[in-house]
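> I'd like to go over a predicted model; first the sequence, then the structure.
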Amino acid sequence: MDEFHTQTIVDIPIKDLVLWTENPRDPIDESATDQEVVERAYADPRGKWNLHKFVLTMGDFYDYSELPTVVYKNGKPVVYDGNRRIALAKIKLGYVNHLQTMDLDIPDFPETMPCAVCSEETAIQRILRKHSLAGSWDELEREKFERKYIPQTPKSPFLLLEDALGVISANEELNQNFVKKEIFTETNLKALGFSVEDGMLHSKHSNEDNLKIINNIVEKIRNRDLSTRNSRGQVFDVLDSSIKQLIEADKNKKSHLIEHAEKSKQVVPSKPAPRFTKRTTPKNDETIFGEKLSLKVGPVNDLYRDIVELFWFWKNRQSSQSHLSKSFPALIRMSLRLLTETAAKDIDLKWEIGDYISAYFEQAKKSLSKDQKTTLSSLIPGEAQKIIQLLHTGAHNYQAACNMEQTMILSVLVAKMLKISHGLGGA
């Protein structure tokens, strides 16, 4: 489709423009508000927005040489391309509140912006043409974007490997163009004991051995034994002898479909961006706090979001080659005390953690589901005083704080209290 026949230049008030939550740069929950998108863009946990660097390239005023690409969805003008510019405009004009962004020297923006309005199909074509060749996306982002918006595009072996084992997102060394084009080809995968059958990845090995093979490749790339200059494309040749023997031993075995990464206990796939799905029973395979919270802007909300990022940082590295120690979860537990203490002081500077827990515990406990109440009573017997004790103990005893199952249900209870004290529309 010729985009020049389908686009129209329309003046749209910046306050009406909606930031795209599915922006490939850093997709977040589709229900997120402009406020939440801007806060995440500023925090930039994945290093994708670079607002401070970007604003320096803009000069003293907004240049109309690049217009935002806008698609009307459900009657609202959604910004498909140009989200950084519009995010900065909303900050400059006061349409979002985020005091931390005061350190951004944002140029002047008009209240109304000329935008290139087009169909979603045209917008996707423009985005792919502009960004897929500019090096602003990594390989996994590009692949996932194409698959989502151009579903007829067949999955590459690179993406099939990610779908099956979650190893690309778990190892940044693998998320490179040369790895996709020269290492994880069908020919090389076949030499490693893998095969692509009916659009799915199969293997002759166990899941444990699958990961041993991939981890050895990661090591070789990290040590530059395998690169665009060394042993280019010769994957099998550079592997450790023990890995070669493993592959040879399974050579005559029948291939089988690899269990999907989400169901596999061997690896936890990395999350491109936190999507805080509400759950019922808090177990180790769930998100911290048990649900996504919408809190009032301020230090409590900022710390809450930081803890979520810390949780996913730990979660996504449990099965990778990360060097995090077994006591790392203690940092998550300790942060819950800091969050609770911050919430208390935000209400009354004289308040301690005990005052906050005493004020909100009973109401929070009533809002727990039946399963959550059962989990709470089994892991944390007692009432408010026990919660206070555990928060204090977690900050001083790292061994006790490493009990992640207890930390998870504790976080759910803290979340219920925060919804009461700092939730949008709360007290």
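In hand now; what should we look at?

> C-alpha from now on. contacts and neighbour counts both.
Fine.

> quick one: the strands in the stretch 101-250 of the chain?
112-117, 194-197, 200-203 (DSSP state E, counting those that start in this stretch).

> What's the separation between the closest residue to residue 237 other than its chain neighbours and residue 224?
Computed as Cα to Cα, 6 or more residues apart in numbering, the closest residue to residue 237 that is not its neighbour in sequence is residue 231, at 8.0 Å. From residue 231 across to residue 224, the span is 9 Å (Cα to Cα, to the nearest Å).

> low pLDDT regions in this structure?
Applying pLDDT under 70 to the chain flags residues 1-5, 25, 98-103, 131-136, 260-286, 317-324, 378-379, 381-383, 393-402, 425-427.

> Pop the domain breakdown of it in here.
3-131, 150-257, 299-422 (automatic domain parsing).

> any chance of the ones you listed in TSV, with distance to residue 142 too?
Converted to TSV, these look like this (distance: least, Cα to Cα, whole Å):
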stretch	distance to residue 142
domain 3-131	8
domain 150-257	10
domain 299-422	20
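
> list the contacts for the residue nearest to residue 237?
225, 237, 238 (Cα atoms under 8 Å, 6 or more residues apart in numbering).

> picking up where we left off before, wait, which of the domains of the chain is closest to residue 289?
domain 299-422 (4.3 Å; Cα to Cα).

> ok so, going back, give me the buried entries from the contacts of residue 231.
225, 238 (16 or more other Cα atoms under 10 Å).

> can you tell me which of the contacts of residue 231 lies nearest to residue 173?
For those, the nearest to residue 173 is residue 225 (12.6 Å; Cα to Cα).

> how about the closest one, what does it touch?
231, 238.

> And residue 78, by the same measure?
Contacts of residue 78 by Cα under 8 Å, 6+ apart are 17, 18, 19, 20, 70, 71, 72.

> Give the closest residue to the third one in space, chain neighbours not counted.
The one in question is residue 19. residue 79 (5.4 Å).

> Touching, the one you found and residue 73? I think so.
No - Residue 79 is not in contact with residue 73 according to Cα atoms under 8 Å; the separation is 10.1 Å.

> Which of the residues in the one helix or strand residue 413 maps to are classified as buried?
According to DSSP states H and E, residue 413 maps onto helix 404-422. Neighbour-count burial for helix 404-422 flags 404, 406-422 (criterion: 16+ other Cα under 10 Å).

> pretty sure residue 408 is touching residue 291, no?
No - judged on Cα under 8 Å, residue 408 makes no contact with residue 291 at a distance of 11.3 Å.

> Show me what counts as buried in the host helix or strand of the residue nearest to residue 19.
Counting by DSSP H and E, the element that carries residue 79 is strand 76-81. Neighbour counts over strand 76-81 (16+ other Cα under 10 Å) mark 77, 78, 79, 80, 81 as buried.

> Neighbouring strands - and their directions - for that strand?
strand 18-19 (parallel), strand 69-73 (antiparallel) (DSSP bridges).

> and the angle for whatever helix or strand comes next after that strand with strand 112-117?
Going down the chain from strand 76-81, the next helix or strand is helix 83-92, by DSSP H and E. Relative orientation of helix 83-92 versus strand 112-117 (axes from the mean of the first three to the mean of the last three Cα atoms, to 10 degrees): 160 degrees.

> by contact count, what packs against helix 83-92?
Packed against helix 83-92 by the contact rule (3 or more Cα pairs under 8 Å, 6 or more residues apart in numbering; DSSP states H and E) you find strand 18-19.

> Would you map the helices across the stretch 51-200 of the chain?
Assigned by DSSP state H, counting those that start in this stretch, the helices in the stretch 51-200 of the chain fall at 51-56, 83-92, 120-131, 139-149, 157-165, 167-170, 177-178, 186-191.

> Good, we can wrap up now.
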